[in-house]
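Asks: Sequence first, predicted coordinates after that:
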Amino acid sequence: MAERDETEAVAIVGGGPKKVLYTLRTLSRIGLLNSTKALKSRNTCKACGLGMGGQHGGMTNELDEFPSVCNKSIQAQSTDIQPPIPEELFEHPLADFRDLSARELENLGRLNTPLYKAKDSDRYQPIDWDRALTLAAERFAATEPERSFFYSSGRSSNEAGFVLQLLARLYGTNNVNNCSYYCHQATGVGLGNVIGTGTATISLEDLGQSDLVFVIGANPASNHPRFVHQLQHCRERGGQVIVINPAREPGLVRFAVPKSARSMLSGGTWIASRYVQPNIGSDLALLKAVGKALLEQHALDTAFIETHTEGFDAYRADLAQTSWMSLTSACGLSRADIEALAADYARAERAVFAWGMGVTHHRNGVDNVEAIANLALLRGMLGKPSAGLLPLRGHSNVQGIGTIGVKPVLSDDVLAALESHFDLTLPRSTGLDTLACLRAAEAGDMDAALLMGGNLYAATPDSTFARRALDRVGFKLYLTTTLNQGHIHGMENSEALILPVTARDEEPQSTTQESMFNYVRLSDGGIRRLSNVRSEVAILAELGKRLLPAGPLDFAAMGEHERVRSAIAATVPGMEALAEIDTSRQEFTIGGRLLRTPAFNTPNGRARFQVHTLPPAQHTDYPFTLASIRSEGQFNSIIYEESDSYRGTEQRWCVLVGPEDRARLNLKPGDRATLRSAHGTMEDLLVYPFNLPAGSLLAYYPEANILIGTEQDPRSQTPAFKSVPVTLETVASRH
């Protein structure tokens, strides 16, 4: 166990004084007045989906815990509280902007004027709002709706997402998608198959009373820092934290929690009570092995299984005929280690399973999620307080964007409710998912796209493909706060329009967001920083008015957020309380999602065990498996720092290699190496040591996208960002 292994030196501790000093430097750059106003305002945090802020106060979560703030919150604010980009910069051609790193682009400042790039031009030029909106309406009107797509990131509000998807469908296309197809779509599909709902089954309060938390394929020390506080609390009340991750992340071993004086003074709190490191891409083998061990240990809740589940006999038979050798050889762990992990689980009374994209970013991501749910069912850890399933959502409103319908297929009941509420008819054609839209673009079948937030270029696997596909979209309309690589690359031969939008705390009307705990918050907005930006809802409503002047919906009225919320409440199940939130100011948990009793949203009310086949062995031409990762100094594709203080790397163009592989290849820290896949090459990478199993490598996203193909999980269409077959070739050391 991590806390008792005194022979292992923990060279780096997550959190601690370095992060406090970094936060202070960031706050100093922002300015005391600006940072205090931003952090204390009643607006939801712009970073991860854990959520804080809203009507409880800017640095408070739904349990009124203060201060609920982290480095990610500060980083997000530092981006928004920037002066506008000088318009003189746009006299430079795109080639000059392409020479800038992602971090340098982000730090140019905020966009404060619409920008237009003609098809035959090599640069953007400022234009006025009226001309920009007229141009956007003309371009969409000039193409067939099915030759377009609409995309949203997870940072936009529920109100903007609802208007976006309604505009797209009334325009005539169901090619409506969001960033979840590149992250947790496998979670939605997998949980839907097992329990009939695709989101977390527990509340933040439930998490705070659990006695075991699994953290699988996630690095919350970097990506969800306030979640580490919950892990710390679990350990302090005598509970267990089991981390399953190929990489031994320092912040999950020991973390100096800035809000805890004792944690800071002691050099950090021990987080993981057990840390298990399977081979990259072997999640299913390990999860099946844990199930097999539980069966052999007779550590099952047989009453729960018999009363509330189906498919157990087939699941048990599959595990019985699966050999221990096949499971241990696949995951690289011993049978004894797996049995010890299962015994830890068997002691728990209230276990929570939390996971991230290390679980979903594989060709069998849905299988992995279903296998996690199987383990919860084996011991009755669903349908009771303080136990259940918790997908760790990345963006602050990615779950809400899906809830209100930014997806290619709406359920029949939501479609019927929308048509009844607005007295209109919507298309029934099957829309394309995110990557399918880009494949269609590459084939020349997309003429126009509306992209609200995010960085679709950097988020897409195979960056050569992404650039080519986006450039073949004839007209692209971007709604964004800052420039990113997606506005610069894939723009060589196409037309584009960039419209500057308000940040969440600048919205002229209040907005709502949904946390990973299904909790809906109300953000007041109201801060004024820039003179020439508009809200996403206002832009979409105006575009709808110009594009569909004779349509069945009064888009001018949809510019009123209160009216939009009333429509959401009337058409989206569980969101009824949204209709009164303007007057009540009462934030709420979406109805029908938390499982306090074992009544599942399936036809017969029973949860369903799933049976899976292990994936085939990796191709021997590529003996290593690479996972792309995010650094502590980034959020999604936004880069705040080039270094990664938790992993000890000083630059992003690097490869992290484990001790066995370094010894076998005679690699030393500071040497140079090349990674090759079937899709691309990364040359002259700096080698950094890291604690990884033999054959497993790490490189930073989005730089590593050049190596990643567009292969997808066939059930969720999620790309395999974290199981990439590669070769590692050494080159001469510079020392």
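Replies: Yep, that arrived.
Asks: Helix or strand with the lowest mean pLDDT in the protein?
Replies: Here the helix or strand of the chain ranked lowest by mean pLDDT, DSSP states H and E is helix 17-30, holding a mean of 52.
Asks: so for stretch 417-424, what's the average pLDDT?
Replies: For stretch 417-424, the mean per-residue pLDDT is 97.
Asks: Mind listing what's buried along it?
Replies: 417-418, 422 (16 or more other CB atoms under 10 Å). All C-beta spots, glycine's among them, are computed from the backbone N, C-alpha and C.
Asks: likewise stretch 194-201?
Replies: Residues 194-195, 197-201 are the ones in stretch 194-201 that count as buried (16+ other CB under 10 Å).
Asks: My guess is residue 448 contacts residue 143. True?
Replies: Yes - counting by CB atoms under 8 Å, residue 448 touches residue 143, with 5.2 Å between them.
Asks: rewinding a little: just the buried residues of stretch 194-201: which are in helices?
Replies: Taking DSSP state H as the definition of helices, these contribute 194-195.
Asks: I'd like the buried residues of stretch 194-201 laid out as CSV, including pLDDT.
Replies: Below are these laid out as CSV (pLDDT from 0 to 100):
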residue, pLDDT
194, 98
195, 98
197, 94
198, 95
199, 96
200, 97
201, 98
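Asks: Identify those among the buried residues of stretch 194-201 that sit within strands.
Replies: Among the buried residues of stretch 194-201, none falls in strands (DSSP state E).
Asks: Taking the buried residues of stretch 194-201, tell me the two that lie furthest apart.
Replies: Largest separation among those by CB to CB: 194 and 200, giving 13.6 Å.
Asks: tell me which of the buried residues of stretch 417-424 is nearest to residue 650?
Replies: Of all these, residue 650 sits closest to residue 418, with 51.4 Å by CB to CB.
Asks: check contacts around the residue lying closest to that closest one once chain neighbours are set aside.
Replies: Once flanking residues are discounted, residue 418 sits nearest to residue 571: 5.0 Å by CB to CB, 6 or more residues apart in numbering. For residue 571, the contacting residues are 414, 417-418, 421, by CB atoms under 8 Å, 6 or more residues apart in numbering.
Asks: Please report phi then psi for residue 571.
Replies: Main-chain torsions, residue 571, degrees, to the nearest 10: phi -120, psi -20.
Asks: next one: phi and psi at the spatially most central residue of the chain?
Replies: Closest residue to the average C-alpha location of the chain: residue 394 at 3.1 Å, with CA atoms, centre = their mean. The phi/psi pair for residue 394 (degrees, to the nearest 10) reads phi -80, psi -60.
Asks: and if you look at residue 492?
Replies: Main-chain dihedrals, residue 492, degrees, to the nearest 10: phi -60, psi -40.
Asks: what's the answer for residue 240, then?
Replies: Taking degrees, to the nearest 10, you get phi -110, psi 150 for the backbone angles of residue 240.
Asks: for residue 495, same thing?
Replies: Note on residue 495: backbone dihedrals following degrees, to the nearest 10 are phi -100, psi 140.
Asks: How about residue 180?
Replies: The phi/psi pair for residue 180 (degrees, to the nearest 10) is phi -60, psi -20.
Asks: separation between it and residue 520?
Replies: Residue 180 is 17 Å from residue 520, where distance means CB to CB, to the nearest Å.
Asks: Likewise for residue 676?
Replies: For residue 676 relative to residue 520 (CB to CB), the value is 46 Å.
Asks: who's more crowded, the two?
Replies: Ranked by neighbour count (other CB atoms under 10 Å), residue 676 and residue 520 place residue 520 first, with 27 against 18.
Asks: host element of that one?
Replies: Per DSSP states H and E, residue 520 falls inside strand 519-523.
Asks: again, but for residue 673
Replies: According to DSSP H and E, residue 673 maps onto strand 672-676.
Asks: next structured bit after that strand?
Replies: Using DSSP H and E, the next helix or strand after strand 672-676 towards the C-terminus is strand 681-689.
Asks: buried ones in that following strand?
Replies: By 16+ other CB under 10 Å, the buried positions in strand 681-689 come out as 682, 685-689.
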